[in-house]
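> no sequence on this one, just coordinates:
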Ligand SMILES: [Zn+2]
């Protein structure tokens, strides 16, 4: 690239969450047999921690963009479509934010599963189950808005937490879990708390480190071995089959990227996510929703201009200049109401039908409509009567 008579060597990188990288590469989703965007490891091999640190970046097992772009290349190892851009697979860097989010998702789900299992035990012993409630209160006391509820199928669901909220949990939850009785099983309590603490240390470390790939690999591997050790204590959720593509990425791909291209923080998508939050907010609160992209750009530009020129917006005073709210609106509604009632009386539905609608309550009118095969959300009596009229029953 030429810039002011100088030639700059530009190297392109893509940093995104794994789903987006899979889409760009034309691969199957995270639940597929070959879900890893960087190598051809299968579901079962993902949890194998005996390989050397750079094993999955070797030519034999690492993915090759030239092959993937070749139209004669047999679509295998999870390849469904041609890649959208011609960029070497090693230039797709995993996003640290999503790495943290998806791994803490697993840790949080395991805590909830533990509390549920303990509550089931309590029910069997005819003791009031309190562990899930205790866990919810503990999570809320960390300063996050967290709730659980049952969906229509009776399964438990909970609030999806943002990156900042997850960091709050990583900061405060371990000490709170340690000081609380119950919530998690005693035989794995110490190990689970340590897992949360160690993950926060590891997360901050991979974001800033300039250590060699092997050193980073050893630290990540140790943490994942601790996860699997809890599985050996018969705690569900910490077993080999819970080894997600993100966990494999943390141990076998993050060391490669951090040692080759510098700390992972440089490729963080946090700024983009923040931008997404702001644009979403503009769309919901400040846009007339005619052209969302244009109004988001215009609003941001206006804010930026005001900020750089030290301009502050004055709130416009709101005055009720017309008597619209007091008279006009009332009049137009009463006219509408009168017209509907006139229409009803002209139609003379009470005489046509053997049913006396005048004495029916709104609920009864709805039931009547339902019996005639009409389900309605209408609430106003006039509208319900008008609907009955239109049915001509
Ligand atoms: Zn891989």
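Thanks, I have the structure now. This is a predicted model, so every value here is computed, not measured.

> next, residue 39: phi, psi?
Phi and psi for residue 39, reported as degrees, to the nearest 10, are phi -150, psi 170.

> against the ion, how distant is it?
3 Å (Cβ to the ion, to the nearest Å). In short, each C-beta sits where N, CA and C put it, glycine included.

> for that residue, which non-adjacent residue is closest in space?
residue 56 (3.9 Å; Cβ to Cβ, 6 or more residues apart in numbering).

> was I right to think that neighbour contacts residue 252?
Yes. Contact criterion Cβ atoms under 8 Å: residue 56 and residue 252 qualify, at 4.6 Å.

> which is the next helix or strand following the lowest-mean-pLDDT helix or strand in the chain?
Using mean pLDDT, DSSP states H and E, the weakest-scoring helix or strand in the chain turns out to be helix 349-352, at a mean of 56. As assigned by DSSP states H and E, the chain's next helix or strand after helix 349-352 is helix 362-371.

> average pLDDT for that next one?
Across helix 362-371, pLDDT averages out at 85.

> which residues are contacting it?
355, 357, 360, 375-376, 379, 381, 384-385, 387-388, 391 (Cβ atoms under 8 Å, 6 or more residues apart in numbering).

> can we see that at 6 Å?
Outside helix 362-371, the residues within contact range by Cβ atoms under 6 Å, 6 or more residues apart in numbering are 376, 381, 384.

> ok, of those, which come out buried?
By neighbour count, with 16 or more other Cβ atoms under 10 Å, the contacts of helix 362-371 hold residue 384 as buried.

> nearest to the ion, of the contacts of helix 362-371?
Proximity of the contacts of helix 362-371 to the ion was ranked by Cβ to the ion; the top entry is residue 376 with 54.8 Å.

> between residue 56 and residue 252, who's got more neighbours?
Between residue 56 and residue 252, residue 252 has the larger neighbour count (other Cβ atoms under 10 Å), namely 27 against 24.

> for residue 263, see how far away the more buried one is.
18 Å (Cβ to Cβ, to the nearest Å).

> now do residue 205
For residue 205, the distance to residue 263 - Cβ to Cβ - is 10 Å.

> ok, now residue 78?
For residue 78, the distance to residue 263 equals 29 Å [Cβ to Cβ].

> kindly report the same for residue 185.
Residue 185 is 37 Å from residue 263, by Cβ to Cβ.

> before we move on, what about residue 305?
34 Å.

> comparing these two, which shows the higher neighbour count?
For the pair residue 305 and residue 263, the greater number of neighbours falls to residue 263 (17 against 10), based on other Cβ under 10 Å.

> now for the more buried one: which residues touch it?
residue 208.

> look up how far residue 250 lies from it.
In terms of Cβ to Cβ, residue 263 sits 15 Å off from residue 250.

> got it, and residue 176?
25 Å.

> surely the residue nearest to residue 39 is within a strand?
No. Residue 56 is assigned helix when assessed by DSSP: H, G, I helix; E, B strand; the rest coil, not a strand.

> tell me the mean pLDDT over the strand or helix carrying residue 187?
Assigned by DSSP H and E, residue 187 belongs to helix 186-208. The average of the pLDDT scores along helix 186-208 is 92.

> before we move on, what about stretch 137-156?
90.

> between residue 176 and residue 250, which has more neighbouring residues?
residue 250 (26 against 16).

> can you pull the contacts of the more buried one?
residue 220.

> secondary structure element holding it?
helix 245-252.

> identify the residues contacting the next helix or strand after that helix?
Sequence order places helix 254-261 as the next helix or strand after helix 245-252, per DSSP H and E. For helix 254-261, the surrounding residues in contact (Cβ under 6 Å, 6+ apart) are 53, 57, 93, 206, 209, 212-213, 216-217, 264.

> in helix 254-261, what counts as buried?
254-259, 261.

> again with stretch 199-217
By 16+ other Cβ under 10 Å, the buried positions in stretch 199-217 come out as 199-200, 202-203, 205-207, 209, 211, 213, 216-217.

> touching the ion at all, it?
No. Taking Cβ under 5 Å from the ion as the criterion, stretch 199-217 and the ion are apart, separated by no less than 12.9 Å.

> so how far is that stretch from its chain's centroid?
25 Å (Cα atoms, centre = their mean, to the nearest Å).

> stretch 18-34 too?
17 Å.

> end-to-end on that stretch?
13 Å (Cα to Cα, to the nearest Å).

> neighbouring contacts of that stretch?
Outside stretch 18-34, the residues that reach it (Cβ under 6 Å, 6+ apart) are 37, 40, 42-43, 77-78, 80-84, 92, 245.

> buried subset of those residues as a ChimeraX selection?
Burial among the contacts of stretch 18-34 is assessed by 16+ other Cβ under 10 Å; the matching ChimeraX selection reads:
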select :37,40,43,77,78,83,92,245
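
> counting only strands, which of the contacts of stretch 18-34 make the cut?
residue 92 (DSSP state E).

> need the contacts of stretch 18-34 in a markdown table (columns: pLDDT).
Shown next, in a markdown table, are those (pLDDT from 0 to 100):
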| residue | pLDDT |
| --- | --- |
| 37 | 92 |
| 40 | 90 |
| 42 | 89 |
| 43 | 88 |
| 77 | 85 |
| 78 | 84 |
| 80 | 86 |
| 81 | 88 |
| 82 | 88 |
| 83 | 90 |
| 84 | 90 |
| 92 | 93 |
| 245 | 91 |
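
> roughly how far does the residue sitting nearest the centre point of the chain sit from the ion?
Computing the C-alpha centroid of the chain and ranking residues by Cα atoms, centre = their mean puts residue 160 first, at 6.0 Å. Applying Cβ to the ion, the value for residue 160 to the ion is 26 Å.
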